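> Got a sequence here, can you build the structure:
(one chain, ligands or ions: 1)
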Amino acid sequence: MSQTIALAPAPVDDPAPDLLHRRDGALRMEGVPLTRIAEAVGTPFYAYSAQALRAGYTALSGAVAPHGVDVCFAVKANSNIHVLSEFARLGCGMDIVSGGEMARALAAGVPAERIIFSGVGKTEAEIRAALLAGLHQINVESPAELEVVAAVARDLGQSAPVALRVNPDVDALTHAKITTARKDSKFGIAIGEIPALYAAAAMRPELNMVGLAVHIGSQILDLAPFRRAWAAMAGLVRDLRAAGQQVGRLDLGGGLGVGGDGHSGPDLAEYARIIADTVGGMGLALNVEPGRWLCARAGVMVARVIYTKPGDGADFAIVDAAMNDLMRPALYDARHAVEPLAPPRQVGATTPCRLVGPICESSDDFGTYQGLGPLQAGDLLAFRDAGAYGAAMSSTYNSRDLIPEVLVDGAQFRVIRRRVGIDEALQLEQPGPWQRAG
Ligand SMILES: *Cc1c(COP(=O)(O)O)cnc(C)c1O
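Numbers count the residues shown, from 1 in each chain. Below is the predicted model:
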């Protein structure tokens, strides 16, 4: 049978353009028809292409490694340990933001000395665990946190490897809810306060001041803000060094955006060139910590249409996935391209479809789509670019299941997180003893 619809053209830097393709009309991930996974695990589910995960890491590290830049995966984008282990096997480091993520990275086989601990609110217990594990670096985001790191390190008889996270006051030109380095942001320490804090910290034996870190936001498509932020960091490193401080490392953050919806995606060579232009040749050990770029395009979420009903301007298709499974549209207006697993019934102009979930919130709405054809109950749809901030952000809101995650590798697939249903959830809830009577 001939192809009835073309998939959207692959972005310039798509690490694995073939990860989703059609054969005889049926949408496949690598060698596996997605309908086969739907039959095996039920819907909705997430599926990740192992080949795309590996190709993404290889492409990104291939672009930046010649400039001496190390790649750490931001675990929060997709924290399944069997996804992490795909990266770990290739030598990728990890950027974590909690003790839970540290446990995951270690369980995935990442050596402690390849792990950086970021985050604005690390607890004393998390800091202690990090120092005991021997992590590579703790990125400290406030003078108050620095005091806790110092106290714990003193207690353990250690000298804690610390970088200060700088707020360079740069607008990342992305969605406001994923912008992290404007002056009013909760993240980091204002750039003007760094020299005094760094100098004071460097005097303390329990602190080993290794350098600086910056992270300006997420889903950044225009690379100019990176240039501004990293140029500011280079200036700060020069100032600190001129004042006699040793600054050995610079963590450049994550945030590299993923194309789609008409944007071809940032150019990796350009990204690498900006690093070289701004902070190259300074004798700094450099790293980046992308999450989304490394895994978004490797994943899809597959959902089934439960009902259709006429709507105003667009027909509704109520699907069995919802904002608890894929929160990005509700959280920050993200839009995921959608492919039907079977070719659409009708080619050409049809009524647009508004894809919504079953949850009792109006924000449980994936958006309005053209070209899906008239949908019917039972139809299967793949939400593309769902490998980052999808399953990792999911919840059981409305007492829904945590949906399965499946890893595809060539012709094989495997459930790497099984469905967690209501029976297990109910076991977590115990009555107060006084509630038992009656
Ligand atoms: C979230 C985060 C990242 C990863 O962001 P992406 O947009 O997924 O690349 C990197 N570093 C820090 C400190 C973060 O908070």
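
> Get me the contact residues on the stretch 251-400 of the chain for the ligand.
Gly253, Gly254, Gly255, Leu256, Glu289, Pro290, Gly291, Arg292, Trp293 (C-beta under 6 Å from any ligand atom). Heads up, the C-betas are built off the backbone N, CA and C, glycines and all.

> So which of those are in helices?
Arg292, Trp293 (DSSP state H).

> got the residues of the stretch 251-400 of the chain next to the ligand as CSV, with pLDDT and neighbour count columns?
Supplementary listing: these in CSV, determined by pLDDT from 0 to 100; neighbours: other C-beta atoms under 10 Å:
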residue, pLDDT, neighbour count
Gly253, 97, 31
Gly254, 97, 26
Gly255, 96, 28
Leu256, 97, 24
Glu289, 98, 26
Pro290, 98, 28
Gly291, 98, 23
Arg292, 97, 24
Trp293, 97, 31
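
> of the residues of the stretch 251-400 of the chain next to the ligand, closest to Ala382?
Checking those against Ala382 by C-beta to C-beta gives Arg292 as the nearest, at 18.4 Å.

> in what helix or strand does the closest residue to that closest one other than its chain neighbours lie?
Nearest residue to Arg292 in three dimensions, chain neighbours excluded: Ala388, at 4.2 Å (C-beta to C-beta, 6 or more residues apart in numbering). Assessed by DSSP states H and E, Ala388 sits outside every helix and strand.

> Surely Ala388 is in contact with Cys295?
Yes: under the criterion of C-beta atoms under 8 Å, Ala388 makes contact with Cys295 at 4.8 Å.

> Can you work out which residues contact both of the two?
Jointly contacting Ala388 and Cys295 under the rule C-beta atoms under 8 Å, 6 or more residues apart in numbering are Ala77, Asn78.

> Have a look at these two and say which one is more surrounded.
Using other C-beta atoms under 10 Å, the more surrounded residue of Ala388 and Cys295 is Cys295, with 32 against 26.

> How is that one assigned, secondary-structure-wise?
Under DSSP: H, G, I helix; E, B strand; the rest coil, Cys295 falls in the helix class.

> Give me the residues contacting the top helix by length along the chain.
Assignment by DSSP H gives helix 224-242 as the longest helix of the chain. Residues outside helix 224-242 that contact it (C-beta under 8 Å, 6+ apart): 166, 168, 170-173, 181, 191, 194-195, 198, 211-212, 214, 216-217, 220, 247, 250, 252-253, 255, 271, 274-275, 277-279, 282, 284.

> at 6 Å instead, please
Pro168, Val170, Ala172, Leu173, Tyr198, Val214, Ile216, Val247, Ile274, Thr278, Val279 (C-beta atoms under 6 Å, 6 or more residues apart in numbering).
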